[in-house]
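Student: Have a look at this prediction, sequence included:
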Amino acid sequence: TKAADLGDVEAHFHLCASYALGQGVEINEKKKLYHMEKAAIEGHVKARFNLGIRELNLGVNEGKVGSFERAAKHFIIAANLGCIKSMEKLKQCYENGVISKEDYTVALRAHHD
């Protein structure tokens, strides 16, 4: 936790996993999300992708308004950071009408550059 307090991105990501799985700490959804968001903000690709998956699940499972759009934004950022899985999810978002052809094209170009 000291490393996370000092802003270590990997430490935040590992704490996220610890709180998700209860490894050395009690399972805590709020703390998991906090550390996932901190890691994502600092550029951790897997954390950003996982936030997209979380939002996608909120939209599918709970019908949460705006979740698909937020998921797409997370996937676009992760794709721009080189995440291939995010490009696959963006393709699905495009096919399901969540993002426009223009947004998908821009993400493709950014991913390949």
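Tutor: Thanks, I have the structure now.

Student: which other helices and strands contact the lowest-mean-pLDDT helix or strand in the chain?
Tutor: Every helix and strand in the chain was compared by mean pLDDT, DSSP states H and E; the lowest is helix 2-5, with a mean of 72. For helix 2-5, the packing partners by 3 or more C-beta pairs under 8 Å, 6 or more residues apart in numbering; DSSP states H and E come out as helix 9-21. Where you see a C-beta, it was placed from the backbone N, CA and C, and this is true even at glycine.

Student: try it again with 10 Å
Tutor: When contacts are defined as 3 or more C-beta pairs under 10 Å, 6 or more residues apart in numbering; DSSP states H and E, helix 2-5 packs onto helix 9-21, helix 29-41.

Student: starting at the chain centroid, how far to the longest helix along the chain?
Tutor: Assignment by DSSP state H gives helix 45-62 as the longest helix of the chain. Offset of helix 45-62 from its chain centre (C-alpha atoms, centre = their mean, to the nearest Å): 6 Å.

Student: what comes up buried for it?
Tutor: Buried residues in helix 45-62, defined by neighbour count with 16 or more other C-beta atoms under 10 Å: 45-52, 54-56, 58-59.

Student: neighbours around residue 109, how many?
Tutor: 10 (other C-beta atoms under 10 Å).

Student: What strand or helix carries it?
Tutor: helix 101-112 (DSSP states H and E).

Student: Show me which residues of that helix are buried.
Tutor: 103-104, 107, 111.

Student: List just the nearest of these to residue 68.
Tutor: residue 103 (12.5 Å; C-beta to C-beta).

Student: Wait, the closest one touches residue 93, no?
Tutor: Yes. Using C-beta atoms under 10 Å, residue 103 makes contact with residue 93 at a distance of 8.5 Å.

Student: joint contacts of the two?
Tutor: 72, 76 (C-beta atoms under 10 Å, 6 or more residues apart in numbering).

Student: follow-up on the earlier one: next one: the least confident helix or strand of the chain to chain centre, how far?
Tutor: 21 Å.

Student: now stretch 55-72
Tutor: So, by C-alpha atoms, centre = their mean, the centroid of stretch 55-72 is 12 Å from its chain's centroid.

Student: Many thanks, I have nothing further to ask.
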